[in-house]
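Undergrad: Test case, fold it:
(2 chains)
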Amino acid sequence: MAVQKDDELEIYRHSAAHVMAHAVSELFPGVKLGIGPPIEDGFYYDFDLDHSLTTEDLEKIEEKMREIVKRDEPFIREEIPKDEAIKLFTSLNQPFKVELIKEIEDDKLTIYREGNFVDLCRGPHLSSTGKIKAFKLLSVAGAYWRGDEKNAMLQRIYGTSFKTQNELDEYLKKLEEAAKRDHRKLGKELDLFSFHEVAGAGLVFYHPKGAVLRFILEDFIKMEHAKRGYQFVITPHILKGDLWKISGHYDFYRENMYFFEIDEKEYAVKPMNCLGHILIYQTKPRSYRELPIRFFELGTVYRYERSGVLHGLLRVRGFTQDDAHIFCSIEQLEDEIIGVLDFAFYTLKTFGFKEYEIKLSTRPEKYAGTPEIWEEATKALKQAMEHHGVAYEVDPGEGVFYGPKIDIKLKDAIGRFWQATTIQVDFNNPERFDMVYWGQDNLQHQPVMIHRAIFGSLERFTGALIEHYAGALPVWLSPVQVVVIPIANRHFDYAQKVAQRLSQEKIRFEVDERSESIGKKVRDAQIQKVPYMLVVGDKEVEKRVVALRERKEGDKGQISLDNFIKKIKKEIEEKF
RNA sequence: GCCGGCGUAGCUCAGCUGGUAGAGCAAGUGAUUUGUAAUCACUAGGUCGGGGGUUCGAAUCCCUUCGCCGGCUCCA
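TA: Numbers count the residues shown, from 1 in each chain, chains lettered A, B, ... in the order given. Have a look, this model is predicted:
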């Protein structure tokens, strides 16, 4: 049996999951039990039940759980032989448990009883149900038995539990707070982007303010690529089907692509940019002297994603990648990966991301190339990460069909991780496209190809950014950096003078000339999360200054316009 | 794609068991000229996501479709 580290809270929650299953069994006799482990912030349990569970059912189940807790039934551990366990759970009509037991290698296994409820479980558990103090059932969702979509769909109840009611309340409040950071909600409130049912799911429309943010990201990433020796290219959005056959996408990626016909020829909308870059590489003989060749493109791609997986900006059907393909010699591979990692870490830091996950994904079931080639590429990726001394986890079998990859994942408001940066080694396409370069030895060699994106997708990165800052973007990223607020009509002239100056300094501003109270104008600017407000009234006109209000700190008093401009320009410069 | 839930004015939401829609904010108009998170009044605005059905009558019930939400699966 595998050794597992059971932290106290995990045991606690695991016991809560048992109590929940117990409650469901009492309320719905005949329910078939799946599995019910503790998870990061709570626990779940899967049930096979004819009746569809509703929110009201959750309340009833909670009620029943409280009853079981009150009964304070001891958790009793029992060791029984495998065949006896099979008999027991067969008699209890628990086929999923029987299936699990049959796969356990040990001849002895453990069950836990509490009252008249029995569950297959290796434990450990609390001493009795009465030890569970605070819990809440959160949601019910579908989940395939054993995570396989060919299997039955069970109903999963998610819940959480804490040792005190206080901690539980705090957690629930945290969830509420997280919902406020949701980029989908903020995107609407801040007038950044929209989706349209009439246009199609997963297709983003950037509004003027969203477009400002988008352009800032584009400018930044273009500049950085230029600095790092990338050459810019532009390639078409549609390419003939035949080309995708050469690359293998036709076999391995077909279900994610959009095909259509022109002049009786099959075409596909590009789901990736690599082929265009390969064609450019192929336009002339290449020398080792040119390597590494780094082609960069802000490439817009379209992929068919199953309807249930779309998620605001974080998972869409049309998106733009800051995509580049590096063609280099095998000897240059590791250095190139080191360079890309450096680029990625610099970028994430600049945008304020401190928390991320680094994953190394290895060979999947469907793959192109040979195991040896995969091995070699994986080694290069590992060594590059070791060079940077970063901690990473291995995701076995999660690689793309053409090669292993490193992914950097960013956390969203409620703690889900989304892949941003990706670095993928590809030995497959150089082979399929017969790519070569002339070496110093006057012989032809095959280059290695690296697919990589730093933001990943501009859309996803924008979504992550909004959630990271809860909409309160730093000054350099704010679509509107300053709102000028004249107090009365007689201050409009002065406000316009201030505005003119801001405009000259290329600061993004608005002047609020509405016939509203100053309180209202301030409130609206705060809600729009504008970093700076400049209030101008009689006093400011007279002294030729502005009254500064900072988004987070409130009224900062008077300051000369020159000094304010100096301050804000410095912040913009420093990407603050 | 699968399981469950949801879809009412630009936004946030109300509308009990079927009797043909309502609030606040936003918008427009007018008044007000304001000192740091909501000035007041008036006006306009919806074939209740689309289509079909049940019914004398549907926002309310049923079917279907699109979209959204939470999971699951998938994920370059």
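Undergrad: contacts, neighbours, all on C-alpha from now
TA: Noted.
Undergrad: what's the burial count for the closest residue to A:P404 other than its chain neighbours?
TA: What sits nearest to A:P404 in space, not counting adjacent residues and going by CA to CA, 6 or more residues apart in numbering, is A:T362, at 5.0 Å. The criterion is other CA atoms under 10 Å. On that basis, A:T362 has 22 neighbouring residues.
Undergrad: My read is that A:T362 contacts A:Y402, right?
TA: No - shown here, A:T362 and A:Y402 do not form a contact pair, counting by CA atoms under 8 Å, at 10.7 Å.
Undergrad: tell me the helices in the stretch 151-300 of chain A, going along the chain?
TA: Secondary structure of the stretch 151-300 of chain A (DSSP state H, counting those that start in this stretch): helices located at A:165-180, A:183-189, A:208-227, A:241-247, A:249-252, A:274-281.
Undergrad: quick one: average pLDDT of the second one?
TA: Which is helix A:183-189. For helix A:183-189, the mean per-residue pLDDT is 95.
Undergrad: With the longest one instead?
TA: Taken as a whole, helix A:208-227 has an average pLDDT of 96.
Undergrad: likewise stretch A:433-450?
TA: Across stretch A:433-450, the average pLDDT comes to 94.
Undergrad: buried set for it?
TA: By neighbour count with 16 or more other CA atoms under 10 Å, stretch A:433-450 contains the buried residues A:M435, A:V436, A:Y437, A:W438, A:H445, A:Q446, A:P447, A:V448, A:M449, A:I450.
Undergrad: on that earlier part again, spit out the contact partners of the residue nearest to A:P404.
TA: By CA atoms under 8 Å, 6 or more residues apart in numbering, the contact set of A:T362 is A:T378, A:V394, A:D395, A:P396, A:G397, A:E398, A:G399, A:G403, A:P404, A:K405.
Undergrad: Tabulate the residues you listed in a markdown table, adding columns for distance to A:E355.
TA: Listed next are the contacts of A:T362 as a markdown table, based on distance: CA to CA, whole Å:
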| residue | distance to A:E355 |
| --- | --- |
| A:T378 | 24 |
| A:V394 | 18 |
| A:D395 | 19 |
| A:P396 | 22 |
| A:G397 | 24 |
| A:E398 | 22 |
| A:G399 | 23 |
| A:G403 | 26 |
| A:P404 | 23 |
| A:K405 | 20 |
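Undergrad: Pipe these into JSON lines and attach neighbour count per row.
TA: Converted to JSON lines, the contacts of A:T362 look like this (neighbours: other CA atoms under 10 Å):
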{"residue": "A:T378", "neighbour count": "21"}
{"residue": "A:V394", "neighbour count": "13"}
{"residue": "A:D395", "neighbour count": "17"}
{"residue": "A:P396", "neighbour count": "13"}
{"residue": "A:G397", "neighbour count": "16"}
{"residue": "A:E398", "neighbour count": "17"}
{"residue": "A:G399", "neighbour count": "22"}
{"residue": "A:G403", "neighbour count": "29"}
{"residue": "A:P404", "neighbour count": "29"}
{"residue": "A:K405", "neighbour count": "27"}
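Undergrad: Out of the residues you listed, flag the one nearest to A:E297.
TA: Distance to A:E297, by CA to CA, is smallest for A:K405 among the contacts of A:T362, at 19.7 Å.
Undergrad: Quickly find the element holding the closest residue to the closest one other than its chain neighbours.
TA: Spatial nearest neighbour of A:K405, chain neighbours left out: A:Q424 (4.2 Å); criterion: CA to CA, 6+ apart. Using DSSP states H and E, A:Q424 sits within strand A:417-426.
Undergrad: That strand pairs with which strands?
TA: Paired strands of strand A:417-426, with direction, are strand A:405-411 (antiparallel), strand A:448-457 (antiparallel) (DSSP bridges).
Undergrad: Can you give the distance of the shortest one from its chain's centre?
TA: What it means is strand A:405-411. 8 Å (CA atoms, centre = their mean, to the nearest Å).
Undergrad: now could you export just the CA positions of that strand as PDB?
TA: C-alpha atoms of strand A:405-411 as PDB (Å, rounded to 0.1, in the frame of the first residue of the first chain):
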ATOM      1  CA  LYS A 405       6.800  20.800 -23.300                       C
ATOM      2  CA  ILE A 406       7.300  23.100 -20.400                       C
ATOM      3  CA  ASP A 407       4.200  25.000 -19.300                       C
ATOM      4  CA  ILE A 408       3.900  27.900 -16.900                       C
ATOM      5  CA  LYS A 409       0.400  28.100 -15.400                       C
ATOM      6  CA  LEU A 410      -1.100  31.200 -13.700                       C
ATOM      7  CA  LYS A 411      -3.700  31.100 -11.000                       C
END
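Undergrad: residues in contact with it?
TA: A:353, A:355-362, A:378, A:381, A:399, A:417-425, A:464.
Undergrad: Now list the buried members of those residues.
TA: So, by 16+ other CA under 10 Å, the buried ones in these are A:353, A:358-362, A:378, A:381, A:399, A:418-425, A:464.
Undergrad: Now narrow the residues you listed to whatever sits close to RNA strand B.
TA: A:G399, A:Q419, A:A420, A:T422 (CA under 7 Å from any atom of the strand).
Undergrad: Find the pair from those residues with maximum spatial separation.
TA: Top of the distance list for these (CA to CA): A:G399 and A:A420, 15.0 Å.
Undergrad: and the gap between A:I86 and RNA strand B?
TA: Separation of A:I86 from RNA strand B (CA to the nearest atom of the strand, to the nearest Å) stands at 26 Å.
Undergrad: From what I see, that residue and A:K102 are in contact.
TA: Yes - assessed by CA under 8 Å, A:I86 is found in contact with A:K102 at 7.5 Å.
Undergrad: The two: which has the busier surroundings?
TA: A:I86 (20 against 15).
Undergrad: helix/strand/coil for the more buried one?
TA: Three-state assignment for A:I86 (DSSP: H, G, I helix; E, B strand; the rest coil): helix.
Undergrad: next one: the one 10 residues further on
TA: For A:F96, the secondary structure call by three-state DSSP comes out as helix.
Undergrad: so it makes contact with A:K32?
TA: Yes - because the distance of 7.3 Å satisfies CA under 8 Å, A:F96 is recorded as touching A:K32.
Undergrad: all strands of the stretch 251-400 of chain A, in order?
TA: For the stretch 251-400 of chain A, the strands defined by DSSP state E, counting those that start in this stretch cover A:258-262, A:265-269, A:293-302, A:318-328, A:356-361, A:393-395.
Undergrad: So which elements touch the last one?
TA: Pointing back at strand A:393-395 there. Other helices and strands packing on strand A:393-395, by 3 or more CA pairs under 8 Å, 6 or more residues apart in numbering; DSSP states H and E, are strand A:356-361.
Undergrad: Dump the strand it packs on to CSV, restricted to CA.
TA: The C-alpha trace of strand A:356-361 is given here as CSV (Å, rounded to 0.1, in the frame of the first residue of the first chain):
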residue,chain,number,x,y,z
TYR,A,356,2.8,30.2,-10.9
GLU,A,357,3.2,26.5,-11.5
ILE,A,358,5.8,25.0,-13.8
LYS,A,359,5.0,21.7,-15.5
LEU,A,360,7.0,19.4,-17.7
SER,A,361,4.7,17.4,-19.9
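Undergrad: Pairing partners for that strand, with directions?
TA: When sheet partners are counted by DSSP bridges, strand A:356-361 sits next to strand A:393-395 (parallel), strand A:405-411 (antiparallel).
Undergrad: Other residues contacting that strand?
TA: With contacts defined as CA under 8 Å, 6+ apart, strand A:356-361 is touched by A:381-382, A:391-399, A:404-411, A:417.
Undergrad: just stretch A:437-455 next, same as before
TA: A:274, A:285-288, A:321-330, A:333, A:340, A:343-344, A:347, A:420-427, A:429-431, A:434-436, A:461.
Undergrad: now do 7 Å
TA: A:285-288, A:321-330, A:344, A:420-427, A:430, A:435-436, A:461 (CA atoms under 7 Å, 6 or more residues apart in numbering).
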